[in-house]
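K.L.:
sharing a sequence plus its predicted fold:
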Amino acid sequence: MAKVVIDQERCKGCGLCVAACNFGNLRIGENFNSKSYKVSEFVGEDCKGCGFCYMVCPDTAITVFRDEKVEVEK
Amino acid sequence: MSNQILERPKSLTQKQFHYCPGCHHGIIHRLIAETIDEFDLREKTIIVQPVGCAVYIYEYFDTDVSEAAHGRAPAVATAIKRVSKGKFVLTYQGDGDLAAIGTAEIVHAAARGENICVFFVNNAIYGMTGGQMAPTTLPGMKTATTPLGRDVKKQGYPIKVSEMLAPFEGVSYIERVMVSSPKHIIKAKNAVRKAFKYQLQEKGFSLVEFLSACPTGWGMPPVDAAKWVEENMTKQFPLGVYKEVGLDD
Ligand SMILES: Cc1ncc(C[n+]2csc(CCOP(=O)(O)OP(=O)(O)O)c2C)c(N)n1
Ligand code: SF4
Ligand code: SF4
Ligand code: SF4
Ligand SMILES: [Mg+2]
């Protein structure tokens, strides 16, 4: 199992992570951060730890935690 | 749980980027910072910054950074590299910076084969100043100064920087990449790594051109802007390796 944590203050709600996740684990929710951006939320049960969301995030708002090495970065 | 972590690289400060939502400058910063970490070069790196949206790069990288006048980064980097033994020197430049006001400096740095890395962010527009036409603006593309679209009869054709610089003997490596999807981000990261190696092995001038989205300047939502890079920019600026003299490995 893996999970992602999103830094709500770094997130600008661009939606690139939502589009990059092939497993529907992310969505732009209803919460605003202090700069009035609607932020991305991790709602997944099925996170593979692939890191796609981390890779596309322009604001390094995403941290991915995973148990074992996932071979995606080669 | 969870011992494998993907997180903000150490060579970036904690400072939040000021870029617009979905701007690819942030992704490109991260790839360069990750590579500085991987090669353990944080204490040796000197970045020369552009004038353009990335002008605040000194706030974001936990390395040494020098300012340069608009477009003059390759000249400043030349001097720094030549007088500082053992330093790793790179420039980070937009298309207005590198391909308009700084054309002379980039051409001569490439021709001299300066042993520096150039990271060239081509978003086909002047982002910082409000979306004016750049030398790289696509034919027909609407900008603040070409409201009816770039008319090649009047404004000429886009400059293809990678194609232009590759033939110089002093150039060791040039690749054009994009960061519009995870697959391409992985490729772009490998290009950054390669450029680093070319400098570390003293092979001469290396340049990675990133096709980069400017959602604000283009007037598009971030996801559409990333798609626009893939569908339109790559036709004018084909991806690929334009020069590769080979590494020692
Ligand atoms: C000598 C000088 N001329 C003009 C300007 C105005 N100016 C600031 S940034 C810029 C262009 C930036 O475009 P680009 O290099 O493509 O960077 P981007 O913001 O798109 O990343 C210009 C013309 C300036 N700061 N200094
Ligand atoms: S790590 Fe992969 S599966 Fe998990 S949320 Fe991110 S993109 Fe989706
Ligand atoms: S990619 Fe990053 S900034 Fe954009 S919505 Fe996702 S977490 Fe937020
Ligand atoms: S104007 Fe364009 S290049 Fe500048 S920060 Fe905004 S999206 Fe990025
Ligand atoms: Mg630009």
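P.N.:
Noted; the coordinates are in hand. Ligands and ions are numbered 1, 2, ... in the order given.
K.L.:
any idea how far the longest strand along chain A is from the middle of the chain?
P.N.:
Within chain A, and with DSSP state E defining each element, the longest strand by residue count is strand A:26-32. Offset of strand A:26-32 from its chain centre (CA atoms, centre = their mean, to the nearest Å): 11 Å.
K.L.:
which SSE is the residue nearest to B:Glu7 when sequence neighbours are not counted in?
P.N.:
Leaving aside its sequence neighbours, B:Glu7 sits nearest to A:Thr63 (CB to CB, 6 or more residues apart in numbering or on different chains; 4.4 Å). C-betas here are computed from N, CA, C, even on glycine. For A:Thr63, the host element (DSSP states H and E) is strand A:62-66.
K.L.:
could you list the paired strands of that strand along with their orientation?
P.N.:
If you go by DSSP bridges, strand A:62-66 pairs up with strand A:2-6 (antiparallel), strand B:4-6 (antiparallel).
K.L.:
from the contact counts, what lies against the longest strand of chain A?
P.N.:
In this structure, strand A:26-32 makes packing contacts with helix A:16-20, strand A:38-42, judged by 3 or more CB pairs under 8 Å, 6 or more residues apart in numbering or on different chains; DSSP states H and E.
K.L.:
let me see the mean pLDDT of that strand.
P.N.:
Mean per-residue pLDDT for strand A:26-32: 96.
K.L.:
and the angle from that strand to strand A:2-6?
P.N.:
Orientation of strand A:26-32 against strand A:2-6 (axes from the mean of the first three to the mean of the last three CA atoms, to 10 degrees) gives an angle of 30 degrees.
K.L.:
what lines up beside strand A:26-32 in the sheet?
P.N.:
When DSSP bridges is applied, strand A:26-32 pairs with strand A:38-42 (antiparallel).
K.L.:
next helix or strand past the partner strand?
P.N.:
helix A:52-56.
K.L.:
tell me the contacts of the residue of chain A found nearest ligand 5?
P.N.:
Closest contact between chain A and ligand 5, by CB to the ion, is at A:Pro58 (15.3 Å). Applying CB atoms under 8 Å, 6 or more residues apart in numbering or on different chains, we find A:Pro58 in contact with A:12, A:14, A:16, B:17, B:19, B:21-27.
K.L.:
10 Å - rerun?
P.N.:
The neighbours of A:Pro58, taking CB atoms under 10 Å, 6 or more residues apart in numbering or on different chains as the test, are A:10, A:12, A:14, A:16-17, B:17, B:19-30, B:179, B:213, B:215, B:222.
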